[in-house]
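S.K.: take a look and give me a structure for this.
(2 chains)
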Amino acid sequence: MSKVETNNGSDIVGRGNRDGAKLFRDWFTELNATAESGGQAAYVFVMGSFNEILKTFDLPVVFPEINSLQTAVRRVAHEYLDEAEDYGYSPDICGYVKADVGTQLRGGEHPMGKIPKPSLVVLTNACNTYIKWSEIWERMHKVPMVTIDIPGTRQAGQQTSVGSRDFENDRKYVEVQIRELIKTCEMVTGKKFDIDKLREVLGHANDVSRGWKRIIELNKSRPSLFNALTDGTIYLGVANGFRGTETGSRYFNQLVEEMEYRAKNGIGILPDELYRLIFVGVPCYPIFRRFNELFTEWKGTFVNSTYLWFASGGANRGFEYDLNKPIESLAEGTLFSVRDAMDSMFYQEQTLKEMSEDFGIDGIIYHPIKSCRTVSTGLADARRKLNEMTDIPSLFIESDMMDRRVVSEAQMKNRIDAFFEGLASRRKRD
Amino acid sequence: MSELFHEWRGKPIDEILYECREMVEDTSFPTINRWREQGNKVAGHFQVYFPEEIIDAAGMLPVKMRGAPVEPTSADSHFGSYLCSILKTSLEISLDKRVSLDLFISHPICDAARNLAAIWGRNFDYPCQILYLPQNPNSAHSATYLRGEYDRMKRVVEEVAGRKITTEQLNNSIEIFNTNRKLMRELYEIKRSTPWLISAEDAYSLVSLAGLIPRQEHNQLLEAVLPLIRARNNKPEDRIRVVFEGGFCEQPPIDLIRILGRSCYLVDDDLLIGLRYIIEDIPTSDDPLYSLAESYIERSSYSPVQHDNLKLKEAMLLERVKNANAGAVIVAAAKMCEPGLEEQVTYTYALDDEDIPYFVSEFEENMSSFEQLEMQVDTFLENLLFM
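M.R.: Numbering: from 1, shown residues only, chains lettered A, B, ... in the order given. All right, here's what the predicted structure looks like:
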């Protein structure tokens, strides 16, 4: 880790949010410039972006998931969804896809600036809609679509490890696909692959993974240091967009410094924290701030989430690449990390139990959404199981990450209020 | 081992087809329960494709888990809203023990189905596995990877069956399934060339039974029935020839298929395509697992849940329409089916480009009212007749 400049406390506290927001704006400004100049860009996804390879070729990356959620946060998602539905897409499919289709139909016009067209699409199978979504660009823009297949856990509790026959079968498959991706990048960019540059990029990515793991660990502090739902989403944006860059590396080194400073000085994110919560699912972006307030008004704060886990592509595992064998190690790290990301959606109950103990959790909020069946399909069943395993109270509220037509704030508030009333009486009883 | 489905024996063709429909529509799943009563084991595999030869070679019954037209009264509380029906009813028939399994396998065909192994694993004691078929079949390594994945699955099956699978047994099963696929291709050739000889729902029932009885038994059924169908004296009628697309996973109710078949000739479709996914014979060899893997990649059909740069789905649909000499397409999707609904858009734009008429619709396996849909389809087809 590079040495970071020491600041006085007033500069440090809140720096992660300030710098993160600025980086985010800068990122979109650059994408806008790329779009205006007709430059190349790669479309990628949060669960296995392969930014490591793309940055080696100096390809700007576009995360359409982030573009789409931004339309919801900025309260214009419905305009994009309507356009996609008019084009023929069903109200019952992923809202991210439809907001992006709307963006593409507008020639890249987006509230954050113009989004460049793709020269290349890179995806994993961590979400099946990634595949269907990419097929839309493949047909619309006639560009190469490279799927990197990452086989996941085959049965609960049976994760394979290095050296086993089945793990090596998966690892080899991922490695060959990475080598094939490199060939495609050479073809698309006209640049020769530089393995030393990959080493440099991997070194920066290691800083991001190490920092990501560390800040999550530090949030075990009482009071908690950041809100996993709101602040965590800012950090996620940087972790994804700037993975493998010097900027990302510096940001996370400084973020760790901020969190350690906060922990040492007892500076929490919420004054008078009363309830420590885990968030399971995808945020309610159409009312992003308000959704969080429904919890903070009761002095409840999210100290961890499965979102920090899967939407970082499993960076929470903190896998660090071996720079002596970069491609082999990238294959191994991607396999472990993306597999972890998938496990957080499908096989989460044991980890939630452990997380609840480690983070001193008072309640778990499940937020399945209409748009995302990957995350949402198993949540009701997983919650039943967790209820058998622990006595941690939980709340199950359904809405959406994009579509305000299925977000009922009043109904949510009633249920959330009732949940906290239950937590309060339980605390009195105990 | 006695026959699981014997009701058709010794009957004329119309009664045979009636018995087939009755068996397919029976939500108590008699054939599976008869198999278990004989002391045998069952492996349920969720849609779309699974290399059933591996299960067959272990002496187990491969059962295609394709939901059922039942109310998911117990399963409902295990799921949230906004999901397709097949997930819920497949769990329902397992929870209420209409179908008892010794092994459950799913493949991540879609965002919803990829959760199933975990859900099953939380509710049943038997192994609940995911088979990772390659989503990047264009990688030079995909067949080798898949061979390794099939080998892993073979070990899982062996563990459940309590016996090893030999190369000879696997090759023997491949031959049985090759015969079965050939017979099903013949059935579809009848649908395409002489659709007046077999109704849409009867052809569907015949195929559907493949997922409910051992394939060797299914071969006997088809070998007996196909000549009888060819010998029928039904006269051709002036009907539009139509392809039905959208039945790769959740199945429309047989009543819906019947209604569609009354209005037109359903000359081809993707109903239960997983049972017919391999389109040529799989070679027997010293490495049958590799033969199975290579065939999945090189000798297979298409569906919205597999991406392959060499198999553009809309191009393959157009080919299906052309080969069947069809004049229109019903582009259907199960309600809440993400891949199906997304593919509908692609298909309709491709059909527009080729000026092929189509009718877009959604269905659900336990829908029971068809009047409105029937009227819409009839109007669509009448328009074509008088165009």
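S.K.: ok, residue A:219 - contacts?
M.R.: Contact analysis of residue A:219 by Cβ atoms under 8 Å, 6 or more residues apart in numbering or on different chains lists A:225, A:226, A:228, A:259, A:303, A:304, A:359. For every residue, glycine as well, the C-beta is placed using N, CA and C.
S.K.: which of those are buried?
M.R.: Buried subset of those (neighbour count, 16 or more other Cβ atoms under 10 Å in any protein chain shown): A:225, A:226, A:228, A:259, A:303, A:304, A:359.
S.K.: and the residue nearest in space to the middle of chain A, what are its phi and psi?
M.R.: Nearest residue to the geometric centre of chain A (Cα atoms, centre = their mean): residue A:311, 2.0 Å. Main-chain dihedrals, residue A:311, degrees, to the nearest 10: phi -80, psi -10.
S.K.: show me where the stretch 201-350 of chain A has its strands.
M.R.: With DSSP state E, counting those that start in this stretch as the criterion, the stretch 201-350 of chain A has strands at A:275-281, A:300-305.
S.K.: determine which stretch of those strands is the most buried.
M.R.: strand A:300-305 (a mean of 27; mean count of other Cβ atoms under 10 Å in any protein chain shown).
S.K.: and it with strand A:275-281, angle?
M.R.: In terms of direction (axes from the mean of the first three to the mean of the last three Cα atoms, to 10 degrees), strand A:300-305 departs from strand A:275-281 by 50 degrees.
S.K.: strand A:300-305 pairs with which strands, and in what direction?
M.R.: Neighbouring strands of strand A:300-305 in its sheet, by DSSP bridges, are strand A:275-281 (parallel).
S.K.: so what touches the strand it pairs with?
M.R.: Contacts with strand A:275-281, where a contact means Cβ under 8 Å, 6+ apart, come from A:222, A:224, A:228-229, A:295, A:298-307, A:348, A:352, A:355-356, A:359-369, A:375-376, A:379, A:420, A:423.
S.K.: can I get that strand in PDB, CA atoms only?
M.R.: Provided in PDB are the C-alpha atoms of strand A:275-281 (Å, rounded to 0.1, in the frame of the first residue of the first chain):
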ATOM      1  CA  TYR A 275     -30.100  -0.400  15.700                       C
ATOM      2  CA  ARG A 276     -27.500  -2.100  13.500                       C
ATOM      3  CA  LEU A 277     -29.000  -3.600  10.300                       C
ATOM      4  CA  ILE A 278     -28.000  -5.700   7.400                       C
ATOM      5  CA  PHE A 279     -29.500  -4.900   4.000                       C
ATOM      6  CA  VAL A 280     -30.100  -7.900   1.700                       C
ATOM      7  CA  GLY A 281     -31.000  -7.100  -1.900                       C
END
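S.K.: looking only at pLDDT, what's the mean for stretch B:247-264?
M.R.: Stretch B:247-264 carries an average pLDDT of 96.
S.K.: do stretch B:64-83 as well
M.R.: Stretch B:64-83 comes out at a mean pLDDT of 95.
S.K.: from the contact counts, what lies against the helix or strand containing residue A:54?
M.R.: Assigned by DSSP states H and E, residue A:54 falls within helix A:51-56. Counting contacts by 3 or more Cβ pairs under 8 Å, 6 or more residues apart in numbering or on different chains; DSSP states H and E, helix A:51-56 packs against strand A:61-62, helix A:165-189, helix A:195-218.
S.K.: one step back: list buried residues within the contacts of strand A:275-281.
M.R.: Neighbour-count burial (16+ other Cβ under 10 Å) applied to the contacts of strand A:275-281 gives A:224, A:228-229, A:295, A:298, A:300-307, A:348, A:352, A:355-356, A:359, A:361-369, A:375-376, A:379, A:420, A:423.
S.K.: show me the buried ones among the contacts of residue A:219 that map onto helices.
M.R.: Per DSSP state H, helices hold the following members of the buried ones among the contacts of residue A:219: A:259, A:359.
S.K.: picking up where we left off before, right, and the helices and strands packed on helix A:51-56 - which one's nearest residue B:257?
M.R.: Using Cβ to Cβ as the measure, helix A:165-189 is the one of these that comes nearest residue B:257, at 39.2 Å.
S.K.: what sits up against stretch A:33-41?
M.R.: Applying Cβ under 8 Å, 6+ apart, the contact partners of stretch A:33-41 are A:31, A:59-62, A:108, A:113-120, A:188-189.
S.K.: list just the nearest of these to chain B.
M.R.: Distance to chain B, by Cβ to the nearest Cβ, is smallest for residue A:120 among the contacts of stretch A:33-41, at 13.6 Å.
S.K.: what about that closest one, how many residues nearby?
M.R.: Neighbours of residue A:120 under the rule other Cβ atoms under 10 Å in any protein chain shown: 25.
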